[in-house]
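**Q** fold the following, please.
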Amino acid sequence: MVVGVGPDAEQVVLLRVTGGVPAAAAVPAAVDGGLHRIGVVSAVTGEWEADYRARIRGLPVRTAVDDLHAAIHAVAAAHGRMHAVRTLRRSLPVLSPAEAIEYVSALLEGDAPGRLVAVATKELVEPLDPVLAVKTIRPGAPRQTG
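**A** Below you'll find the model as predicted:
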């Protein structure tokens, strides 16, 4: 399967060859003129979409860490900070109690510490299987604005 983006197009074109007969589908995309390839397994499962959005288009993709942060905020609002710390420790037992308190306190005040978010990411977010990744055949040109 090949994913192509034309410089003046408003869509990504997916071209699939099945039994010698090409079948195409189009989805909205940011236009950069790049040409990207995805494998059959990735095309069938749709796993390529998150990789494409994050790496190629630079869009944010929601992860398990984002879900954890939302849960911590919800628990803290409903039951208080210490319940939120317990929720965090259930999800991330690798954190010490002091680290969990630091994580929750900082998260509730703004942003969690980067080093602790890195631990959460390592524990909760599965790395992308290279078989499912989008491979760039020809990188696109950056879009000029103005």
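**Q** how much space between the closest residue to residue 121 other than its chain neighbours and residue 107?
**A** Counting by Cβ to Cβ, 6 or more residues apart in numbering, residue 65 is the residue found nearest to residue 121 once chain neighbours are left out, at 5.4 Å. C-beta here means a position set from N, CA and C on the backbone, and glycine is covered the same way. Note on residue 65: its distance to residue 107, by Cβ to Cβ, to the nearest Å, is 11 Å.
**Q** for stretch 68-88, which outside residues touch it?
**A** Applying Cβ atoms under 8 Å, 6 or more residues apart in numbering, the external contacts of stretch 68-88 come out as 91-92, 95, 97, 100-101, 103-105, 107-108, 112, 120, 124.
**Q** could you flag which of these are buried?
**A** For those, a burial check counting by 16 or more other Cβ atoms under 10 Å picks out 91, 92, 95, 100, 101, 103, 104, 107, 112, 120.
**Q** can you classify the third one by secondary structure?
**A** It refers to residue 95. Of the three states, residue 95 takes coil according to DSSP: H, G, I helix; E, B strand; the rest coil.
**Q** in the sheet, who's paired with residue 135?
**A** Residues found in beta-bridge contact with residue 135 (criterion: DSSP bridges) are residue 37.
**Q** can you pull the contacts of the closest residue to residue 139 other than its chain neighbours?
**A** The shortest distance from residue 139 to any non-neighbouring residue, by Cβ to Cβ, 6+ apart, is to residue 34 (5.3 Å). The contact partners of residue 34, by Cβ under 8 Å, 6+ apart, come to 5, 56, 136, 138, 139, 140.
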